[in-house]
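Asks: model this:
(one chain, ligands or ions: 2)
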Amino acid sequence: MLKVNQLDKTYGQDKHSLKSVSFTAQPGEVTAIIGPSGAGKTTILRSVNQLIRDDGGQILLDDQDIRQANKAELRKIRHHIGMIFQNYNLISPLTALENVLHGRLGAKSTLAGMFGLYSTAEKTEALALLTEVGLKDYAYQRCDQLSGGQQQRVGIARALMQHPKMILCDEPIASLDPKSTKIVMDILRQLAREKQLIILINLHQIDIAMDYADHIVGINDGAIVFEGPTEQVNEAVLQKIYRQSADAKVKVAANES
Ligand SMILES: Nc1ncnc2c1ncn2[C@@H]1O[C@H](COP(=O)(O)OP(=O)(O)OP(=O)(O)O)[C@@H](O)[C@H]1O
Ligand SMILES: [Mg+2]
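Replies: Ligands and ions are numbered 1, 2, ... in the order given. You can find the predicted model right below:
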């Protein structure tokens, strides 16, 4: 289980981006973080992975506090956290298979990684994962020759190659058409169920969150304003999550005076 407790993040002196953020995400479930632009969704995901250092709180992954980990421990923990990005973050001249194999990098010695030395077992596994996401026939195709939806599926296979406990997805479908969106979201939900992964997704699309998430975390202006099962999200909850941010209010107040 992922348990975030009272996480704080301030950028610079006064930009309070996360205000005592607490929530949980369970294995086997899709948890969606929703909220207006600038609310702090990306900041939460990047803190969970410690790509940015927050200012205080606890991030417990199966009871280990990621914030307290030393460099070596953090490397180990990160290896079991997959990341999926809006822009896929693939290495374009490389094939789909090579990109998936890159998911093993964190587990290899620097030298083996540098020379791209992968075992037959690793190659077999990468191919099986590409098959799992429906891309068996594209394994040897260059990634820049794949559609957005296909590239995102390569990204998912690469994350799976890390044998993750948790996959963090920052707007994974923002650049995709409805058909690819459905394919990608179906895969993510299935992974949660079948592999008992923690799937934590930042989403702009409320309808997709409502269709696919088991658990919703609503954030507005750096503060969690709702957390609960998707069935509990109603119009009043959505209004609370999407109400004007503090910045917008300041602007309105300035215009009124
Ligand atoms: N490196 C940074 N330096 C200063 N402020 C930052 C930095 N990164 C983010 N912020 C601020 O922190 C707040 C939260 O940003 P964040 O990117 O987490 O929002 P978000 O909810 O992901 O928005 P979006 O939906 O547009 O992706 C915003 O006000 C943003 O301007
Ligand atoms: Mg964001």
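
Asks: per-residue confidence for whichever residue of the stretch 1-150 of the chain sits closest to ligand 2?
Replies: Of all residues in the stretch 1-150 of the chain, the one sitting closest to ligand 2 is residue 42 (3.2 Å; C-beta to the ion). In this view, the C-beta of every residue, glycine as well, is placed from N, C-alpha and C. Model confidence at residue 42, expressed as pLDDT, equals 97.

Asks: Now do the same for the closest residue to it other than its chain neighbours: its pLDDT.
Replies: With C-beta to C-beta, 6 or more residues apart in numbering as the criterion, residue 42 has its nearest non-adjacent residue at 5.7 Å, and that residue is residue 170. As predicted, residue 170 sits at a pLDDT of 97.

Asks: I'd say residue 170 and residue 44 touch.
Replies: No - the criterion here is C-beta atoms under 8 Å, and residue 170 misses it with residue 44 at 9.7 Å.

Asks: what sits in contact with each of the two?
Replies: Shared contacts of residue 170 and residue 44, defined by C-beta atoms under 8 Å, 6 or more residues apart in numbering, are found at residue 202.

Asks: low-confidence ranges in the stretch 51-200 of the chain?
Replies: Scanning the stretch 51-200 of the chain for pLDDT under 70 picks out 109-116.

Asks: ok, now with 90
Replies: Counting by pLDDT under 90, the stretch 51-200 of the chain contains low-confidence ranges at 53-55, 92-93, 104-119.

Asks: how about the residues of it near ligand 2?
Replies: Remark: no part of the stretch 51-200 of the chain is in contact with ligand 2, using C-beta under 5 Å from the ion.

Asks: Name the residues that touch the helix or strand containing residue 199?
Replies: Taking DSSP states H and E as the definition, residue 199 sits inside strand 198-203. Outside strand 198-203, the residues that touch it by C-beta under 8 Å, 6+ apart are 1-2, 25-27, 29-34, 41-42, 44-45, 48, 165-173, 188-189, 191-192, 209, 213.

Asks: Which one's more surrounded, residue 170 and residue 44?
Replies: Neighbour count, other C-beta atoms under 10 Å: between residue 170 and residue 44, residue 44 has more, with 28 against 20.

Asks: where's the strand holding residue 199 relative to the chain centroid, distance-wise?
Replies: Distance of strand 198-203 from the chain centroid (C-alpha atoms, centre = their mean, to the nearest Å) equals 5 Å.

Asks: ditto for stretch 28-40
Replies: 10 Å.

Asks: How many residues are close by residue 140?
Replies: Neighbour count of residue 140, defined by other C-beta under 10 Å: 11.

Asks: no wait, residue 127
Replies: As a burial measure, residue 127 scores 19 neighbours (other C-beta under 10 Å).

Asks: for stretch 130-137, which positions count as buried?
Replies: 130, 132, 133, 135 (16 or more other C-beta atoms under 10 Å).

Asks: Closest to ligand 1 out of these?
Replies: Checking the buried residues of stretch 130-137 against ligand 1 with C-beta to the nearest ligand atom, the nearest one is residue 133 at 25.1 Å.

Asks: Angles on the backbone of the closest one, please.
Replies: The phi/psi pair for residue 133 (degrees, to the nearest 10) reads phi -100, psi 10.
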